[in-house]
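*Asks:* got a sequence here, can you model it:
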Amino acid sequence: PEDRLVVAHNAVDTQAYSPGRSSLHEELGAKVVIAYMGRLDPEKRVPQLVRAFIDLEFGPDTALVIAGGGTQEKRVRKLAEEHPNVHVLGVVTDPERRLEILLGADIHVLPSTAEGLALSLLEAMACGCSVVATDAGEDGEALRDAGILLPVQPLQPSLGEALRRLHDDADLRAQLGRAARRRVEERYGLDANIDRLLGVYAELTRGAAER
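*Replies:* Residues are numbered from 1 along each chain as shown. This next block holds a predicted model:
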């Protein structure tokens, strides 16, 4: 029965993931950094993201960073090999390096066809990134108007339009980054999530004792 269901959402440590400085722009020689972090599997549609980025022809002062591994990594590397402003990093295991990428990203993109509630989305929002994501799984509910929400299908032309809009509007990027941070603090903070879960356990324990 529905009245017996309690949903415990994914959550993020908003102290560990918070806005801060990063040397990523200097490292890449870029004024604007667009990032994807996650698996490189078909449902994530990273090849489509790479093609959309290349088609926009932003120039050498804009970089696309892809961090992650999976079945489509070779395909992604093939697409990127003639484009020096597309950086395919593979799996990044160092937590500090992952955080540096998130903090250095001006735009975080998640173009998936299917999701639960992506931790990478929540981490990027907590770091104050402006976010572009598809309305897949619970990602749409998490992002709402704190970013640019795309339909799952078709991905284009909405993905390209969103990237162009955020690339060209630094004020909008800053505004959405602040809104994303606030939304995570209000709804998806780890401390509050743990408190809610402990509350459920406490209620169940009381119910069992009363029986």
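*Asks:* quick one: low-confidence residue ranges for this protein.
*Replies:* Along the chain, the model assigns pLDDT under 70 to residues 211.
*Asks:* pick out the residue nearest the middle of it.
*Replies:* Nearest to the geometric centre of the chain sits Leu121, at 3.0 Å (Cα atoms, centre = their mean).
*Asks:* what helix or strand does that one sit in?
*Replies:* helix 119-126 (DSSP states H and E).
*Asks:* residue contacts, Lys44?
*Replies:* 36, 38, 70, 72, 110-112 (Cβ atoms under 8 Å, 6 or more residues apart in numbering). In this view, the C-beta of every residue, glycine as well, is placed from N, C-alpha and C.
*Asks:* and the two most separated of these?
*Replies:* Gln72 and Leu110 (15.1 Å; Cβ to Cβ).
*Asks:* re the thing from before, just the CA atoms of the helix holding Leu121, as CSV, please.
*Replies:* Provided in CSV are the C-alpha atoms of helix 119-126 (Å, rounded to 0.1, in the frame of the first residue of the first chain):
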residue,chain,number,x,y,z
LEU,A,119,24.7,11.3,-7.8
SER,A,120,26.8,13.1,-10.4
LEU,A,121,23.9,15.5,-10.9
LEU,A,122,23.6,16.2,-7.2
GLU,A,123,27.3,16.6,-6.8
ALA,A,124,27.5,19.1,-9.7
MET,A,125,24.6,21.0,-8.3
ALA,A,126,26.1,21.1,-4.8
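*Asks:* what comes up buried for that helix?
*Replies:* 120-126 (16 or more other Cβ atoms under 10 Å).
*Asks:* ok, stretch 18-33 next?
*Replies:* Buried-residue list, stretch 18-33, by 16+ other Cβ under 10 Å: 18, 22, 24-25, 28, 30, 32-33.
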